[in-house]
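>>> Here is my input; please provide its structure:
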Amino acid sequence: MINQQDTSNNVIQKLQNQIGEKIITSFDMVAQDRSNYFAKNPYQHQKPSIESVNLIVNGYAKSNGGISAAANLVPGPLGMLAVAPEIVTVMRNQIAMIYDVGVAYDKQQYLNKELLAGVLISSLGTGANRVIVIEASKIITKKLTPSIFKRIVHQLTGNVVKSAGKSIVSKWLPGVGSTAMGLWSAYSTKQVGNKAIQIFEKEIEILDETQSLSESSIEYTDHLLPASDLEVNNITGERLELLKIKTLINLMKVDGSIEPEEKEYLKTIITNANLTVEEIKEIKNSLSAQRTEIDYSLIAKYPDDALGLLIDLIALAKRDGDFHITEKMYIKQVGKLMGFSEVDIAEMMLAY
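Next comes the predicted model:
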């Protein structure tokens, strides 16, 4: 039997390669396109303002969520390859959103590809200092050689792909996976928008060509995440998977019983998860027990996994069109324990 973890990793690598080449050129293309748009619409009432930035972000988030939710996601990791065009579109829309927010803050003259990429990378929480330096009241943009920029964007797309699919358990479930992808796209787009607002509220400084980074002045790893974090994730990955499945079982129990359809969902998830024999036995035992106690602080340490679990819960609860009040209460409780705000949880539950 083919190891599902190896299959998932191979798919992530293929997606990274497919998407990376398209996104590398997207920063310049999107910047030129948005610049031309605003040049053709110079009137003040057509130019975005600071007061409109939240509307801009919410509009792009809603659009991206709809794009991903409408994608024909085939269950399982291999299905992710089919939605590569949708992921490219989502990322291009995010770049356009960053540009529009920059225009709203009157930073149009600074919106080069490095700054756009720096904002996008900053929204992931790590790696931004390779492109921009964030100080108390100022943002410094570093000019990069084409080869360095290509390498950084390739790493960026790899992290986006991992965040989009690796931590979402429901990718195995027909119909549920597309909803989960829609929720992820909307949420991640809003996070990018919020980061853009934080950055463009500051002064911008662009280093001149003589201050550009050389190829040898920057140190790379294969990922934007620090090596120590990757090692911890590799060690605890299977345990996190077990905790996620137990959480989904708890959700299925909140209305008093687990329906036959839900048992089929669980069977599919368990079959394709990287679980040990002992962990599978533990899951089977939890089916007949009362609600399982789970330490959500363990999952909260890994933001991508926490977001993936919250999305899984919402997508699974909405699968039949009947989002029961007990399901909502349980999801709110779990979301808070993982560190999500009430506003973020409510917005995701209202979507799609």
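
>>> if you go through the stretch 51-200 of the chain in chain order, where are the helices?
53-69, 79-82, 84-104, 113-122, 146-161, 176-200 (DSSP state H, counting those that start in this stretch).

>>> again, but for the stretch 201-350 of the chain
Using DSSP H, counting those that start in this stretch, helices in the stretch 201-350 of the chain cover 227-253, 260-272, 277-288, 296-300, 303-317, 325-337, 342-350.

>>> For S147, the count of nearby residues, please.
The number of residues packed near S147 is 9, by other CB atoms under 10 Å. Backbone N, C-alpha and C define where each C-beta goes, glycine included.

>>> sorry, back to before: would you single out the least confident of the helices of the stretch 51-200 of the chain?
Note on these: helix 79-82 shows the lowest mean pLDDT, a mean of 67.

>>> where in this protein is pLDDT low?
1-9, 42-46, 72-80, 125-130, 165-168, 171-172, 208-238, 257, 352 (pLDDT under 70).

>>> which helices and strands does the helix ranked longest in it pack with?
In the chain, assigned by DSSP state H, the helix with the most residues is helix 4-40. Here helix 4-40 touches helix 79-82, helix 84-104, helix 113-122, helix 146-161, going by 3 or more CB pairs under 8 Å, 6 or more residues apart in numbering; DSSP states H and E.

>>> picking that back up, check the helices of the stretch 201-350 of the chain for me and report the most buried one.
helix 303-317 (a mean of 24; mean count of other CB atoms under 10 Å).

>>> quick check, distance from that helix to the centre of its chain.
Relative to its chain's centre, helix 303-317 lies at 11 Å (CA atoms, centre = their mean, to the nearest Å).

>>> Could you report the separation of L337 from E51?
35 Å (CB to CB, to the nearest Å).

>>> Of the helices of the stretch 51-200 of the chain, which is nearest L15?
Counting by CB to CB, L15 lies closest to helix 146-161 out of the helices of the stretch 51-200 of the chain; the figure is 4.5 Å.

>>> Can you give the distance of the closest one from its chain's centre?
With CA atoms, centre = their mean, you get 15 Å for helix 146-161.

>>> Numbering from 12 from now on, please.
In the new count, where the first residue is 12, that last one comes out as helix 157-172.

>>> Can you list the helices and strands that that helix packs against?
Here helix 157-172 touches helix 15-51, helix 95-115, helix 124-133, going by 3+ CB pairs under 8 Å, 6+ apart.

>>> The longest one to helix 157-172, inter-axis angle?
Pointing back at helix 15-51 there. 120 degrees (axes from the mean of the first three to the mean of the last three CA atoms, to 10 degrees).

>>> Then the last one?
If you take the same axes, to 10 degrees, helix 124-133 sits at 30 degrees to helix 157-172.

>>> picking that back up, please identify the most buried of the helices and strands packed on helix 157-172.
Mean neighbour counts for those (mean count of other CB under 10 Å) peak at helix 124-133, with a mean of 25.

>>> which residues are contacting that helix?
38-39, 41-42, 102, 105-106, 109-110, 113, 138-139, 141-143, 145, 150, 152-155, 160, 163-164, 167, 203, 206-207, 210, 215, 217, 235 (CB atoms under 8 Å, 6 or more residues apart in numbering).

>>> With stretch 202-219 instead?
By CB under 8 Å, 6+ apart, stretch 202-219 touches 64, 67-68, 71-72, 105, 108-109, 112-113, 115-116, 118, 121, 123, 126, 129-131, 133-134, 143, 145-146, 148-154.
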